[in-house]
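Peer 1: sequence plus predicted model, see below.
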Amino acid sequence: MRTDGDDLFDVQPQSLLMTTFGAFLEPRTAPVWSGGLVTLLDYFGITTAAARIALARLVQRELAERHRKGRHVYYTLTRRSVHLLEDGDERISSLGKRPGAASTWTLVWHTLPDSRKAERSNFVRQLRFHGFGLLQDGMWVSPRDYVAEVTDLVDKLGIADAVTIFRASPSGDVASGPLLGHLWQLDQVAERYRHFASRYAPLTRPPRMSPREAFVTCTEMMQSFRSFADIDPELPEEWATHAGAREEAITVYWEALGRLREPAATHFRELTRT
């Protein structure tokens, strides 16, 4: 079940690799054979050359380490990579489940210049993944208290000299003002959730699939669902016009994942361990 042309599914080799590691690699310190990874990426139309470039870039970003054993090359995840995957697990599993009012907000301001582009990119990528919205250049906002998490991220990236973090309490009715619409496109978020639920609902009662088909379908669905972490700020339900659409999509996701994950993981293991 391919989704070529489906804007839910982003075919980025490095991102796909991290999604498969997070979903199927057990334990996450286990070595994975490069030849198997190249084969798996080929399922999504990614060439051998592009797959090997993606693996090399994971090494450059200190997310993986390369090892040679005889004629075979293996990759293992770094401690930083495992931490990112664990953080991603928590974010995805808690999506739509955070209770309470948005009484404490987190504001993050950075002055990372172009000379520190890689650090800035990594930092902003993580802020987006936790639902932060861009208020203005260098200023990011979340309706949740993420001070501890952002402080930990800043320390790990070594960018404390260029980042300032604030806790803030909104004054007045935030929902009636322009701020939410400036930070997040909630109507578009709702439409994407509805699109996801419609697209993947058949997987809650999937037809018989080969292990390869289960792997491809499961990976595409997980990659698509992970994109919601970047755009859903997890506002209080009374502010979240997309809450109903989100609940439907979450129900579809977890039910379909329960049916597909094991055969998909089996196929991943068979190809990546020699």
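Peer 2: Structure's in. What do you need?

Peer 1: so where is the stretch 1-150 of the chain shaky, pLDDT-wise?
Peer 2: 1-7, 98-101 (pLDDT under 70).

Peer 1: hey, where'd the helices end up in it?
Peer 2: Assignment of helices within the stretch 1-150 of the chain using DSSP state H, counting those that start in this stretch yields the ranges 13-24, 34-42, 48-60, 79-93, 117-129, 147-157.

Peer 1: for Pro170, which of these is the nearest?
Peer 2: When the helices of the stretch 1-150 of the chain are compared by C-beta to C-beta, helix 147-157 sits nearest Pro170, at 15.7 Å. Heads up, the C-betas are built off the backbone N, CA and C, glycines and all.

Peer 1: dump the closest one to PDB, restricted to CA.
Peer 2: What follows is helix 147-157, C-alpha atoms only, in PDB (Å, rounded to 0.1, in the frame of the first residue of the first chain):
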ATOM      1  CA  VAL A 147      11.000  24.300  30.600                       C
ATOM      2  CA  ALA A 148      12.700  21.200  32.000                       C
ATOM      3  CA  GLU A 149      12.700  19.400  28.700                       C
ATOM      4  CA  VAL A 150      14.000  22.400  26.700                       C
ATOM      5  CA  THR A 151      16.700  23.000  29.300                       C
ATOM      6  CA  ASP A 152      17.800  19.400  29.000                       C
ATOM      7  CA  LEU A 153      17.800  19.700  25.200                       C
ATOM      8  CA  VAL A 154      19.800  23.000  25.300                       C
ATOM      9  CA  ASP A 155      22.400  21.300  27.500                       C
ATOM     10  CA  LYS A 156      22.700  18.300  25.300                       C
ATOM     11  CA  LEU A 157      23.200  20.500  22.200                       C
END
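
Peer 1: can you list the neighbours in contact with that helix?
Peer 2: For helix 147-157, the external contacting residues (C-beta atoms under 8 Å, 6 or more residues apart in numbering) are 80, 83, 87, 106, 108, 119, 122-123, 126-127, 130, 160, 163, 165, 167.
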